[in-house]
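**Student:** Sequence first, then the predicted structure:
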Amino acid sequence: MHKIVSKQQLSNDVFTAWLEAPFIARAARPGQFVIISINNEFSERIPLTVADSDAQKGLIRIIWQRVGKTTADLSELKAGDFIAAVTGPLGRPTHIENFGLVVCVGGGIGNAVLLPITKALKKAGNKIITILGARTKDILILEDEFAKISDELIVTTDDGSYGRKALVTEPLEEICKRTPKPGQVFAIGPAVMMKFCCEVTKKYNVPTQVSLNTIMVDGTGMCGGCRIEYDGKPKFVCVDGPEFDGHKVNFDLMIKRMNAYRQHEHQAYEEYKKHKCRIGLNEKELTTKKNKDS
Amino acid sequence: MTNGKEQIQKNSEKQNAKGLTIAERLKIPPQQMPQQKPQERIRNVNEVALGYSQTEARMEALRCLGCKNAPCVSGCPVRIRIKDFIAAIVEGDYKKALNIIKENSLLPAVCGRVCPQENQCQEKCTVGIKFKNIAKAVSIGRLERFVADLDLDDQSIPQIAPPTGMKVAIIGSGPGSIVAATDTRRAGHDVTIFEAFHKPGGVMIYGIPEFRLPKIIVQKEIQTLVNMGVKIIPNFVVGKTRTIEQLMKEDGFDAVFIGVGAGLPKFMNIEGESLVGVYSANEFLTRANLMKAYKFGAGADTPIARAKKVAVVGGGNVAIDASRMALRLGAEKVYLIYRRTEAQMPARAEEVHHAQEEGVEFHLLQNPKRLIGDENCHIRAVECLRYKLGEPDESGRRRPVPIEGSEFQIEVDSVIIAIGNVPNPLIQQTTPYLKFNKDGSIVVDEKGTTSMEGVFAGGDIVSGSATVIEAMGQGRTAAASINEYLAEKKKQKT
């Protein structure tokens, strides 16, 4: 059992929590993830990135977006509550070195994955340009934390409600044209965003790492559900990744695979919301209540 | 059998007097296993074979000739004294029968159900040979299951030696590990099992379905371990959460048993294998068994494709399990595609028979060439080639050879690939001092000793995909080596 020691709401649907997980806190490196399961009998197992860790206190930080039943269940938990299973740290850590100039591109919940990697890159002596993209101002997360570790921070929103009205690929392309060229790009966010970032950097021949968050069951190589087509061959995101050379990933197929259970997810979430309504709260009230709680 | 009771009484009396003659024994018909009717059982996940009644068990036991040289024993990977336990059944002393089995096998309720007896003990049975029909051999597995099931409520635990102060780490919690844990704990060591999943039991929990091996049986074995004082730590991935080196150098474990199995699913490396709706059997069965996806929307949160037309590729027990699970999840058509013939299938004959009864369509001497998707990258059809049998290969089986130009398509909305597993590289990646074979399995000697001091291994991580009973046998061998190693270590300490 893993106790939640603190929890915070970062935006309407994004939450962060610090959990007790002493072994994982000691072993985790940037780029790795955990599989969590809220209870042991019927819960789903879902992968979440270790966004930060504190080996001394034995704590890890996770960040999640409420998209379906399991993440909604998780959002209901409060400081002091327990999560039955936290397994990890899984996946291979990010390869960190001094590349010179690094561009870190984050989108949506991907910022959570990008944060520890950016911190480690900064520590390794890289000059960091961070580009954070969001649909709209309200869902932008972790801007302050990135501001602290970036030499240059660019924020874009699709609707222009904050920062520059653009997609992240626009400033990314501008930076790729500069001299000196970036030594490395990390692009982490929605699959579509990563796909288009890679199309840009490929043009300028800038190596680009992406971190993939495909559907997993065990997270240890056993099921192969997370597999992607990489350079024409199957690779497992859980044991071969989660980071890959983005120029070799078949994103179109990956996006289809990630949508395989969209209908199930929708069905489960609708049932869940109906149930919540029956016990006297509608979705809006729930959110208001949660804002107060956190 | 209609006149079973009378016959048993008559036979038992005779047995008591002077025993039945061989001719009389050979006249007793093989006892059929009571089972759920095919049309009923594909609508539930409950066990198919229901188990012998006492009458049936004793009738079947009377068919054993009690051969002096007991050829059946040579077919058993753990050398159970088969004719002796069967004689105890005839006497009606079921406890004695079970105790004889338990001298060599710790999991009789499991092995009675999942051992491929027709390739082991029953293959050598004189009765089957006499009738030139292996199906007429004495049903040793069913008898094993019979006595084991009578004991399911038994809470007793084996005797445990006084504490030695030595700590043993067991990695993985499948059949090999359960036996290794039991035997090292019996010797008085402090034993901890580390399991990556949230539930212990390994392949018996995530892989073999409820309808073939009820989970309650596995849970009972795990509970026995707990009652013996074995600690079980779930959600702990050795190699990731802690390395073997850390366990030994920092956490004070004196010896380690690696029983992590062969967990990485093989794919065919053909076009279309990453299409939506294409599963490894591991994923399909894990979702269904461990995560209880058959209850999705009714309590369980893990989804699974509810396909109408499913193709399963492979001819082993896993392929048969996946086919039958797909039926239970509502498939209207299940096609089992296997490139050899039925006689060459590695699956247990009884399960092949069950699958046929349930309506699984066998497509033999066929193999997928590519998987075809629709515009949404969802699997739409399997393109197969027909095969014929050629010369024998290194396994001694005649090699299937593709017939050129024989391509044809089968329409499906899901494909499950069950062509075997290879060892998981996690331990290899994180244990530099341990020696591995080219195929990723751990190098051990005949006593289960690895190249790293204090580290032992057994089960599929050593032998590749094999059976529960072989894993158990190796777990036992390795445990004996661990006990010996620790006794020596203790002597040196004092």
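**Tutor:** Noted; the coordinates are in hand.

**Student:** which bits of the stretch 101-250 of chain B sit near chain A?
**Tutor:** B:A196, B:F197, B:H198, B:K199, B:Y206, B:P234, B:N235, B:F236, B:V237, B:K240, B:T241, B:R242 (CB under 8 Å from any CB of the partner chain). Heads up, the C-betas are built off the backbone N, CA and C, glycines and all.

**Student:** Please list all residues in contact with the second one.
**Tutor:** Pointing back at B:F197 there. Remark: with contacts taken as CB atoms under 8 Å, 6 or more residues apart in numbering or on different chains, B:F197 is in contact with A:D218, B:I205, B:Y206, B:P234, B:N235, B:L290.

**Student:** what's the closest of those residues to B:A355?
**Tutor:** When the contacts of B:F197 are compared for distance to B:A355 (CB to CB), B:Y206 wins out at 20.3 Å.

**Student:** quick revisit: B:L150: which of the residues of the stretch 101-250 of chain B next to chain A is nearest?
**Tutor:** Checking these against B:L150 with CB to CB, the nearest one is B:K199 at 26.2 Å.

**Student:** wait, that closest one sits on B:P234?
**Tutor:** Yes - the pair B:K199 and B:P234 qualifies as a contact (CB atoms under 8 Å) at a distance of 6.7 Å.

**Student:** Tabulate the contacts of B:F197 (CSV), appending distance to A:R45 and neighbour count.
**Tutor:** Listed next are the contacts of B:F197 as CSV, based on distance: CB to CB, whole Å; neighbours: other CB atoms under 10 Å in any protein chain shown:
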residue, distance to A:R45, neighbour count
A:D218, 7, 26
B:I205, 14, 22
B:Y206, 12, 23
B:P234, 12, 17
B:N235, 10, 26
B:L290, 9, 20
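
**Student:** of all these, which comes closest to B:G473?
**Tutor:** Closest to B:G473 out of the contacts of B:F197 is B:I205 (20.5 Å), distances taken as CB to CB.

**Student:** The closest one: what secondary structure?
**Tutor:** Three states are possible here, and by DSSP: H, G, I helix; E, B strand; the rest coil the one that applies to B:I205 is helix.

**Student:** And for the one 5 residues further on?
**Tutor:** Under three-state DSSP, the three-state class of B:E210 is coil.

**Student:** so who does the nearest residue to it once chain neighbours are set aside touch?
**Tutor:** What sits nearest to B:E210 in space, not counting adjacent residues and going by CB to CB, 6 or more residues apart in numbering or on different chains, is B:V45, at 4.7 Å. Applying CB under 8 Å, 6+ apart to B:V45 gives the contacts B:P209, B:E210, B:F211, B:Y294, B:R328.

**Student:** what sits against the closest residue in space to B:Y94 that isn't next to it in sequence?
**Tutor:** Ranked by CB to CB, 6+ apart and with sequence neighbours excluded, the top spatial neighbour of B:Y94 is B:V147, at 4.9 Å. B:V147 is in contact with B:A57, B:F85, B:I89, B:Y94, B:A97, B:L98, B:I101, B:P108, counting by CB under 8 Å, 6+ apart.

**Student:** Mind checking the pLDDT average for stretch B:25-45?
**Tutor:** In this model, stretch B:25-45 has a mean pLDDT of 94.

**Student:** Stretch A:115-130 now?
**Tutor:** 96.

**Student:** In the stretch 101-250 of chain B, which residue sits nearest chain A?
**Tutor:** When you check the stretch 101-250 of chain B against chain A by CB to the nearest CB, the closest residue turns out to be B:N235, at 4.2 Å.

**Student:** got a list of what that residue touches?
**Tutor:** Taking CB under 8 Å, 6+ apart, one finds A:A85, A:V86, A:T87, B:E195, B:A196, B:F197, B:H198 in contact with B:N235.

**Student:** go again using 7 Å as the cut-off
**Tutor:** Counting by CB atoms under 7 Å, 6 or more residues apart in numbering or on different chains, B:N235 touches A:A85, A:V86, A:T87, B:H198.

**Student:** which of these has the most neighbours?
**Tutor:** The member of those that has the most neighbours, counting by other CB atoms under 10 Å in any protein chain shown, is A:T87 with 27 neighbours.

**Student:** Is it in a helix, a strand, or coil?
**Tutor:** Applying three-state DSSP to A:T87 yields a three-state assignment of strand.

**Student:** how close does B:V313 sit to B:I42?
**Tutor:** B:V313 sits 21 Å away from B:I42, going by CB to CB, to the nearest Å.

**Student:** which one of these two has more residues nearby?
**Tutor:** Summary of the neighbour comparison: B:V313 and B:I42, criterion other CB under 10 Å, with B:V313 having more neighbours (27 against 23).

**Student:** residues contacting the more buried one?
**Tutor:** Contacts for B:V313 (CB under 7 Å, 6+ apart) come out as B:I337, B:P368, B:V415, B:I417, B:A418, B:I419.

**Student:** and the first one, that's in a strand?
**Tutor:** Right, B:I337. Yes - in this structure, B:I337 lies within a strand as judged by three-state DSSP.

**Student:** Tell me what it is bridged to.
**Tutor:** With DSSP bridges applied, B:I337 shows beta-bridge pairing to B:V313, B:H363.

**Student:** Using the record's assignment, carve the chain into domains.
**Tutor:** Reading this off chain A. Segmentation of chain A into domains, based on automatic domain parsing, reads A:2-90, A:101-258.

**Student:** try again with chain B
**Tutor:** Each domain of chain B is listed here as a residue range: B:4-149, B:167-259+B:425-493, B:265-421, per automatic domain parsing.
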